[in-house]
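Q: I would like to see how this sequence folds:
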Amino acid sequence: MVRKMNLRLNCGMQSAMPLDAILFDKDGTLVDFDRTWGAAAHEVMQTLTAGDTGAFQRLADVSGFNVREKSFRPHSPCLSGSLTDYGPLWAEVLGRHDLHQLYEEISGLFRATAIKTLTPIGDPPKLFAELNGMGLKLGIVSNDSEKSVRLQAGLLGIADGLDYLAGQDSGYGAKPAPGMITAFAARFNIAPHRIAVVGDTLADIRAARAAGAVSIGVLTGPALAQDLAVEADHILDCAHDVPAFIRGQRAQRSSALL
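A: Numbering: from 1, shown residues only. Just a heads-up that it's a prediction; the model follows:
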């Protein structure tokens, strides 16, 4: 459920600049996090622990995972971190020392399971078609693996509307580092302040700010609204409010130029 919050604007140079591109986070922004990854994590943890209820609960505990609700708590390391953040915690619980092999196993299990649990937020194809029609370049920057992002973009019906896609293993680093965003800016020769990054976590907001891009927080993920509001340039209820936001900015700029 979208948590209603009025649009918040931090006035300044970024607010006045026209935008040429929008980069979206995936999980919690385009994809319902708990319905997709809560259900998937429950199944993956069961598979990895092979019926050991104690190990399963320990995995849930280090993951900030509510077993009964199949959801992640707001400060779970799985929310905005990548596999390299929560993977060592899982390895310790499982008594695994073959980290590379374990990470491959976890990624494969999540990829296969998420095909069954993938739940979009709203209508991503409609959103991307509208933004494409506004002449904007579009991309996804995710802390999921690139292979998983490509697979899910196809399942969501938005792959054809993407100009760019990067995951935590694409060679640019993971958010909150700005590498995925600065790589996009360099590839398409777009000044960072004319790029907006839309995401539901502080990692998204901080990556945008580190890259010099406009940060737009959305309230469709598990992160707390008050946490996002402290650092984001703008807050919207959900990603589907982005077209109206862009139209509003363009109208403001047109009025200022009269």
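Q: which strands and helices sit next to the helix or strand hosting D85?
A: Using DSSP states H and E, D85 sits within helix 83-94. For helix 83-94, the packing partners by 3 or more CB pairs under 8 Å, 6 or more residues apart in numbering; DSSP states H and E come out as helix 39-49, helix 53-62, helix 77-80, helix 99-117. Glycine gets a C-beta too; all of them are placed from N, C-alpha and C.
Q: Could you figure out how far it is turned away from helix 39-49?
A: Helix 83-94 runs at 40 degrees relative to helix 39-49, counting by axes from the mean of the first three to the mean of the last three CA atoms, to 10 degrees.
Q: which of the residues in helix 83-94 are buried?
A: Neighbour-count burial for helix 83-94, counted by 16 or more other CB atoms under 10 Å, picks out L83, D85, Y86, G87, P88, L89, W90, A91, V93, L94.
Q: what's the burial count for A191?
A: A191 has 12 neighbouring residues, counting by other CB atoms under 10 Å.
Q: doesn't T182 make contact with it?
A: No. Between A191 and T182 there is no contact under CB atoms under 8 Å: 11.2 Å.
Q: hmm, which two among the buried residues of helix 83-94 are most spread apart?
A: Farthest pair in those (CB to CB) is D85 and L94. Separation: 16.1 Å.
Q: Q168 contacts L83, doesn't it?
A: Yes. Between Q168 and L83 there is a contact at 7.2 Å, judged by CB under 8 Å.
Q: list residues touching both of the two?
A: By CB atoms under 8 Å, 6 or more residues apart in numbering, Q168 and L83 have these common neighbours: S145.
Q: how does this structure divide into domains?
A: The record assigns the chain these domain ranges, following automatic domain parsing: 8-32+120-257, 33-117.
Q: mind checking the end-to-end distance for the last one?
A: This points to domain 33-117. By CA to CA, to the nearest Å, the extent of domain 33-117 from end to end equals 10 Å.
Q: What's the mean pLDDT across that domain?
A: Domain 33-117 shows a mean pLDDT of 91.
Q: just stretch 166-176 next, same as before
A: On average, the pLDDT along stretch 166-176 is 95.
Q: Just the helices from this structure, written as ranges.
A: 13-16, 33, 39-49, 53-62, 77-80, 83-94, 99-117, 124-133, 146-156, 179-188, 202-211, 225-231, 242-257 (DSSP state H).
Q: Save those as a markdown table, and put in distance to G139 too.
A: Formatted as a markdown table, the helices of the chain follow (distance: least, CB to CB, whole Å):
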| stretch | distance to G139 |
| --- | --- |
| helix 13-16 | 19 |
| helix 33 | 20 |
| helix 39-49 | 24 |
| helix 53-62 | 32 |
| helix 77-80 | 18 |
| helix 83-94 | 21 |
| helix 99-117 | 20 |
| helix 124-133 | 11 |
| helix 146-156 | 10 |
| helix 179-188 | 6 |
| helix 202-211 | 13 |
| helix 225-231 | 21 |
| helix 242-257 | 13 |
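Q: And the contacts of stretch 183-195?
A: Outside stretch 183-195, the residues that touch it by CB under 8 Å, 6+ apart are 13-14, 17-23, 137, 139, 141, 163-164, 166, 172, 181-182, 211-214.
Q: are any of the residues you listed buried, and which?
A: 14, 17, 19-23, 137, 139, 141, 164, 166, 172, 181-182, 211-214.
Q: and these, which of them are in strands?
A: A21, I22, L23, K137, G139, V141, Y164, A166, V214 (DSSP state E).
Q: Columns distance to R250 on top of those, output as TSV?
A: Converted to TSV, those look like this (distance: CB to CB, whole Å):
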residue	distance to R250
A21	14
I22	13
L23	19
K137	16
G139	20
V141	24
Y164	22
A166	27
V214	14
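Q: Check what pLDDT Q252 gets.
A: We have a pLDDT of 83 for Q252.
Q: distance of it from I181?
A: With distances taken as CB to CB, to the nearest Å, Q252 is found 24 Å from I181.
Q: can you check Y164 too?
A: Where I181 is concerned, Y164 sits at a distance of 10 Å (CB to CB).
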